[in-house]
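Asks: Could you work out the structure for the sequence below:
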Amino acid sequence: MPKFEEELDLALELEEPQMFKVLLHNDDYTSMDFVVEILTGIFHKSHAQAEQIMLQIHEKGKAICGVYSFEIAQTKAQQVKQRAKQNEFPLLATIEEEF
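Replies: Next comes the predicted model:
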């Protein structure tokens, strides 16, 4: 009997972490080239993927850049904020819970 309980305990411990979407939001000042740079540099997208996501941001107002655990999503959003500030752009990154 103890083996079953150990397996059950192990299964409970191995739950998938809650995932969060990182979104970039459109604004009237951040250049499209800078958004592509953010997507390739921070989110490790190919140039083609970055251009596609950048166009979604431009046309729809926002787009998902990736889905990560909370800590990684928070770090990515903070990296965007820092790099945007360094380059004097108001680019906004937010995180939302993935359901």
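Asks: drop to CA atoms for contacts and neighbour counts, all remaining ones
Replies: OK.
Asks: could you pull out the helices for the protein?
Replies: 2-13, 32-41, 47-60, 70-86 (DSSP state H).
Asks: Select, out of these, the one closest to His25.
Replies: helix 47-60 (6.2 Å; CA to CA).
Asks: Mind giving me the packing neighbours of that closest one?
Replies: In terms of contacts (3 or more CA pairs under 8 Å, 6 or more residues apart in numbering; DSSP states H and E), helix 47-60 is packed against helix 32-41, strand 62-69.
Asks: Out of these, the one nearest Gln52 is which?
Replies: Of all those, it is helix 32-41 that lies closest to Gln52, at 9.1 Å by CA to CA.
Asks: model confidence over the closest one, on average?
Replies: Helix 32-41 shows a mean pLDDT of 98.
Asks: With stretch 78-92 instead?
Replies: 98.
Asks: Which positions within it qualify as buried?
Replies: 80-81, 84, 89, 91-92 (16 or more other CA atoms under 10 Å).
Asks: what's the farthest-apart pair in these?
Replies: The span of the buried residues of stretch 78-92, defined through CA to CA, is set by Val80 and Phe89 at 10.2 Å.
Asks: quick one on the thing from earlier: mind putting the helices and strands packed on helix 47-60 into a markdown table with mean neighbour count and distance to Glu16?
Replies: Shown next, in a markdown table, are these (neighbours: other CA atoms under 10 Å; distance: least, CA to CA, whole Å):
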| stretch | mean neighbour count | distance to Glu16 |
| --- | --- | --- |
| helix 32-41 | 18 | 26 |
| strand 62-69 | 19 | 9 |
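Asks: mind giving me a markdown table with these and columns for distance to Leu23?
Replies: Output for the helices and strands packed on helix 47-60, formatted as a markdown table (distance: least, CA to CA, whole Å):
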| stretch | distance to Leu23 |
| --- | --- |
| helix 32-41 | 11 |
| strand 62-69 | 4 |
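Asks: To Ile53, which of those lies closest?
Replies: Comparing the helices and strands packed on helix 47-60 by their distance to Ile53 (CA to CA), the top pick is strand 62-69, with 6.5 Å.
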